[in-house]
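Peer 1: I would like the atomic coordinates for the input below:
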Amino acid sequence: MIRHILFWQLREEFRAGEAQKKRALEVLRASVDTLKAIEGLRRAEIGPNLAGGEYDLVFYSEFDDDAALEAFREHPLHVAHRERCAPYVTGRLAGDLAAEP
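Peer 2: A predicted model of the protein is given here:
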């Protein structure tokens, strides 16, 4: 299993207040829900980064294996998700971790 983790910064206009952050998160969560139909994706969720700091959001996902993660990257549902997210997020930090059997 592969764990794929992203940290995202919200664009400045969505960091201005709680209502803006809440609206952005609603849109992003709905978009993440569309990914769940992708074969090989076991789990996907997004939420506020409770640790704070420079990144506002954490996206966490689990895949069957490396091949599933690679297929996910260019899957049409994921491409559409990236396009929906672009107006809301900016800086990003990504990491992948192979889970111990």
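Peer 1: what's the longest helix in this structure?
Peer 2: As assigned by DSSP state H, the longest helix anywhere in the chain is helix 18-35.
Peer 1: could you give the mean pLDDT of it?
Peer 2: If you average the pLDDT over helix 18-35, you get 95.
Peer 1: got the CA positions of the helix or strand just after it in CSV?
Peer 2: Next along the chain after helix 18-35, taking DSSP states H and E as the criterion, comes strand 41-48. The C-alpha trace of strand 41-48 is given here as CSV (Å, rounded to 0.1, in the frame of the first residue of the first chain):
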residue,chain,number,x,y,z
LEU,A,41,-7.7,4.3,-4.5
ARG,A,42,-8.5,2.9,-1.1
ARG,A,43,-9.1,6.1,0.8
ALA,A,44,-9.1,9.9,0.2
GLU,A,45,-9.8,12.8,2.5
ILE,A,46,-9.0,16.5,2.9
GLY,A,47,-9.2,18.7,6.0
PRO,A,48,-7.6,21.5,7.9
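Peer 1: neighbouring contacts of the following helix or strand past strand 41-48?
Peer 2: Using DSSP H and E, the next helix or strand after strand 41-48 towards the C-terminus is strand 57-63. Strand 57-63 is contacted from outside by 1-10, 25, 28, 32, 35, 40-49, 69, 72, 89, 99, using C-beta atoms under 8 Å, 6 or more residues apart in numbering. Just so you know, the C-beta spots here come from the backbone N, C-alpha and C atoms, and that holds for glycine as well.
Peer 1: Kindly state the beta-bridge partners for the residue nearest in space to the middle of the chain.
Peer 2: The residue lying closest to the centre of the chain (C-alpha atoms, centre = their mean) is F59, at 3.5 Å. Per DSSP bridges, the residues bridged to F59 are L6, I46.
Peer 1: Any figure for the gap between it and I2?
Peer 2: As judged by C-beta to C-beta, to the nearest Å, F59 and I2 stand 14 Å apart.
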